[in-house]
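K.L.:
With the input below, show me the fold.
(chains A, B and C)
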Amino acid sequence: MIETLGIWIAALLTLCILSFLYKDNPFYKFAEHLFVGVSAAYWAVYSYFNILLPNLIQPLFGQGQFLLIIPLVLGIMMIMRLFPKVGWMSRWPLAFIVGSYSGYHLITYLQSNAVEQVRATLVPFVQIESWKNLFTGPGVITFLNAIAIPVVIVGVITGIIYFFFSKEHKGVFGGLARIGVWFLMIAFGASFGYTVMARISLLIGRMYFLLHNWLHLI
Amino acid sequence: MKKQIPLIITFIAGMVMVLQFFIPHRPFSDLQQLFNSWFLIITVFAMILGLGNLLKVHTKRLQRKPKGWWYSIVLLAGFAIMFIAGMVWGIERGTFFDFLFWNVHLPMSSMMFALLAFFVASASYRAFRARTPEATLLLISAILVMIGRVPLGNYIWDKLPLVSDWIMSYPNMAGQRAIMIGIALGIVSTSLRIILGIERTYLSGK
Amino acid sequence: MNIIERFEKIDRRIIFLLVLFAVIIPLLFPIGFEIKVSAPVQKFYDAIEALPPGSMVLVSSEYDPSTMPEVYPMNQALARHCFAKDLKIIGMGLWPQGIPLNQASMEQAAEEYGKEYGVDYVNLGYKAGGIVVISSAAENIPKTFPLDYTGRPIGEFEIMKGVRNFDNIDFIISLSAGDPGVREWIMIAQGRYGKKVACGVTAVSAPAFYPYLNAGQLQGLIGGMKGAAEYETILETSGTASRGMDAQSIAHGLIIFFILFANFFYLLGKRRKK
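P.N.:
Numbering: from 1, shown residues only, chains lettered A, B, ... in the order given. Predicted structure coming up:
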C-alpha cells in the first residue's frame, strides 16, 4: 500500500516536471519549488546527522574536545554574512576554507594533473609491436593503433601550445596551435557525444520508471 | 584589520597544507589533521549560510506577496516536512524521511535533468552546423562517438565501436590532457597567489 | 517561406515528441542489441577480480538522483560483484544524496548473497569538504567517521575492527557524477597514498578521465549507462542499464539523423545563396 502510494506520488511529480516541455506552467512551478525545499531540508538533515553530530556535538560536548570551539566559533562567524552589519566576520572562516583548498590544490593539481600527465605522455614515439601488427594484418584498426602514440604526443604538445597566449599565434607557432585546436575540437566532439548519451540515459531511466514501476507495461 | 587577519589565516592554512606534503611528520602532520577536522565543521556552516539565505528570501516573499508568492509556501512546506521527518524519526532506510527521498526528491531531481535530453536533441537540430573546418571536425567526432558507443554501431560496421574507443583513448585523451595540464597550471598559480595574499578577490564584498 | 526555412524553423515540440517516441518504443518493444564490452570496463572488472577474498573495498558515492539512471546500475552491479567475490565494502560519500543510493545497492546485494550489515559491509555516511575529507580519512578513518550514516558508533561494527586508515583499504572505487568526486580521489588516495583507484562516472564527465586511465592513475573506468550495461554484461546479470541500451541506440540514431538532416538543408541553403 505504502509502496503503491510512493510510486503514484513519484509518477505524478515526474509528470509535473515533464509538463515543462509543453510550456512553463503552475504544475511545473509547484514541483520545482517543492524540489528546492525538499533538497534543502535533505542537505540540512544529512549535515546534522553525518557531520555536526559526529564531528562537532559529540566530541565537543560528550568527550570534552574543547579545541573544537574554534571551528564552532568560525562557523557561527560564517553565518554572520546573513546580517549586513557584521557580514565582514564571515571573512575569517572563508579565509580558512580558501587557504586550505589552495594549499591542497597547489600540490595535488601539480602532481596528478600536470607532472603525471607529462610523464605519461613521454613514451617511445614508435611502438614496434603495433607497427608489426600493421604489416602482418593491414587494416583500419591496426593502422589506428600504429599511429596512436604519435597522435597522443602531437595532440598534447600542440594542445598546450594553443593555450600559450603570451606569444602571438603566427607562423610555425600559429600552425602548431591550429593543429592543437583540431585535437581540442575532437575532444569537444567526444564530450558532446557523451553528453548526448548521458542525457538520453537519464530520460530512459525516468521512462523506464513510468512504464515499469507505475504503469506495469514492461 | 578586517582584511589583514583573513590574509594571515589564509597564509597559515595554505602553508600548513603545502608543508605537510613535504614534511609528513610532526608538527605539520598533527596540524594538518587538526585543520582537516576544523574544515569539515566550517564547511557545514557554509551550507547552513546558503540554507539561511534561501529561507530568508522566501520568508520575505511571503511578507511582500509578489506574483506567484504562494510557491514560496510550497517551498517552505516542503522544507519543513522533510526537515521534521529527518530530525524526528531519523534517516535510516524505511523511515518517513527515506520515503520522501525516494518518492518526492528522487523523481523530481531525475526528471529535471532528464528534460535536458529534449533540449540537447533540439540543440543538435538547430545549432550543430558544419560552418567551419573545426566545427566539421567536432561534428564528425561527435557522430562517430555517439554511434560507436551504442550497440547499434556494431551492426552498422563491426569496427565502429573500436574506432569510437580509439577516438576516446587517443585523440580525445590528448585534447583532454592538454586542457587538464593547462587548467592545472592555472590552478597552481592561482593557489600560490591566494596563499601569498596577492589574489584577494575572495575577500571582497561585505 | 521555402522548404529549407520551414525545416529550419520546425516547432521544437515536434522534436521533443520524436525523442520521446525514440525512447519509449524500444522500451516497450525491445530489440535485443548485443552489448560489447569496452577496454576501460574490462579493466575495471579485472581489477576487482584480482582482489583476494576478504579484501576491503571502499566505495564512495558521489552522485545523486539526477544521474541515477547512469550510476545507480553501476553501484548495484558493483555491490553484487564484491559480495560474489567475498569482498568487504566500506561505503561513504562526498555527496549526501549518494548515501541512501549506495546503501540500497549494498542492501539489495547483501540480501542476494547473505551478507550482513556491520560484518560484511558498512555505510560511514557523508562528509562535506571533498579533498579534505579524503585526506582526513586517509590518515584516520575512525576520527573522520566516528559514527555510521545513521549515527551508530563505528566501533560497534566487526568490519571496522582494525581499520585505522588507508593502509587497511585494498581498493577504492568512486562512483562520481561531478566534483568533488573521482578527481579528488585520484589526487589524494592515488597520488599521495599510492592506493589503487577505479571509478564509475557519468557519460558527461567520462571523456575527461581518459588521461588518468592512460597514465595508470585509474585502474578502470565505467562511463555512463552504456558502461554500466557493459559491466552488467560481464557479470552476466541483467539490470536497468542493459535494458535501456536499445532505447539508447535508437535515440542516438535519431539525434544523428537530426544533425545530418539539419546540415543537409544548411549546406543546400548556403549553395542556393551563392
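
K.L.:
Ends of stretch C:46-59, what's the gap?
P.N.:
Using Cα to Cα, to the nearest Å, the end-to-end distance of stretch C:46-59 comes to 17 Å.

K.L.:
Give the rounded mean pLDDT of that stretch.
P.N.:
Average pLDDT, stretch C:46-59: 97.

K.L.:
ditto for stretch B:174-182
P.N.:
pLDDT averaged over stretch B:174-182 gives 96.

K.L.:
That one near chain A at all?
P.N.:
Yes - using Cβ under 8 Å from any Cβ of the partner chain, stretch B:174-182 comes into contact with chain A via B:Ala174, B:Gly175, B:Gln176, B:Arg177, B:Ala178, B:Ile179, B:Met180, B:Ile181, B:Gly182. Placement of C-beta: from N, CA and C, glycine included.

K.L.:
Closest one of the residues you listed to A:Ile160?
P.N.:
B:Ala178 (5.0 Å; Cβ to Cβ).

K.L.:
and that closest one, that's in a strand?
P.N.:
No - applying DSSP: H, G, I helix; E, B strand; the rest coil, one finds B:Ala178 to be helix, outside a strand.

K.L.:
What is the burial count for the closest residue to it other than its chain neighbours?
P.N.:
The shortest distance from B:Ala178 to any non-neighbouring residue, by Cβ to Cβ, 6 or more residues apart in numbering or on different chains, is to A:Gly159 (2.5 Å). The number of residues packed near A:Gly159 is 27, by other Cβ atoms under 10 Å in any protein chain shown.

K.L.:
Check what contacts the helix or strand hosting A:Gly159 and list those residues.
P.N.:
Using DSSP states H and E, the element containing A:Gly159 is helix A:140-163. Contact with helix A:140-163 is made by A:117, A:121, A:123-127, A:130-131, A:133-134, A:169, A:173, A:176-177, A:179-181, A:183-184, B:159, B:162-163, B:166, B:169-171, B:173-175, B:177-179, B:181-182, C:214, as judged by Cβ atoms under 8 Å, 6 or more residues apart in numbering or on different chains.

K.L.:
Spatially central residue in chain A, please.
P.N.:
With distances taken as Cα atoms, centre = their mean, the residue of chain A nearest its centroid is A:Thr195 (12.4 Å).

K.L.:
mind listing what that residue touches?
P.N.:
B:Val120, C:Ala203, C:Val204.

K.L.:
In the residues you listed, which residue is surrounded by the most others?
P.N.:
Going by other Cβ under 10 Å, C:Ala203 tops those with 26 neighbours.

K.L.:
Please confirm that it is located within a strand.
P.N.:
No - assignment of C:Ala203 by three-state DSSP gives coil, placing it outside any strand.

K.L.:
Thought C:Lys226 was touching it, still the case?
P.N.:
Yes - if you go by Cβ atoms under 8 Å, C:Ala203 and C:Lys226 touch, sitting 7.2 Å apart.

K.L.:
any common contacting residues for these two?
P.N.:
Residues touching both C:Ala203 and C:Lys226 by Cβ under 8 Å, 6+ apart: A:Met197, A:Ser201.

K.L.:
The nearest residue to B:Gly197 once chain neighbours are set aside - how many residues pack around it?
P.N.:
Nearest residue to B:Gly197 in three dimensions, chain neighbours excluded: B:Leu7, at 4.6 Å (Cβ to Cβ, 6+ apart). B:Leu7: 18 surrounding residues under other Cβ under 10 Å.

K.L.:
for the one 5 residues further on, same thing?
P.N.:
Burial of B:Ile12, expressed as a neighbour count using other Cβ under 10 Å, amounts to 18.

K.L.:
Pull the contacting residues for it.
P.N.:
Residues in contact with B:Ile12, defined by Cβ under 8 Å, 6+ apart, are A:Gly99.

K.L.:
What segments of the chain are helices?
P.N.:
Because you didn't say which chain, this covers chain A. A:2-18, A:26-47, A:69-79, A:91-108, A:116-121, A:128-136, A:140-163, A:171-208 (DSSP state H).

K.L.:
think we crossed wires, I meant chain C
P.N.:
C:3-8, C:12-28, C:39-49, C:68-84, C:98-113, C:131-139, C:141-144, C:182-185, C:210-214, C:224-234, C:240-243, C:245-273.

K.L.:
The ones you listed: which one's closest to chain A?
P.N.:
Taking Cβ to the nearest Cβ, helix C:68-84 is the member of the helices of chain C nearest to chain A, at 2.3 Å.

K.L.:
Mind listing what's buried along that closest one?
P.N.:
Using 16 or more other Cβ atoms under 10 Å in any protein chain shown as the test for burial, helix C:68-84 gives C:68-83.

K.L.:
on that earlier part again, could you dump the contacts of A:Thr195 into JSON lines and include distance to C:Ile169 and pLDDT?
P.N.:
Below are the contacts of A:Thr195 laid out as JSON lines (distance: Cβ to Cβ, whole Å; pLDDT from 0 to 100):
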{"residue": "B:Val120", "distance to C:Ile169": "38", "pLDDT": "94"}
{"residue": "C:Ala203", "distance to C:Ile169": "28", "pLDDT": "96"}
{"residue": "C:Val204", "distance to C:Ile169": "28", "pLDDT": "95"}
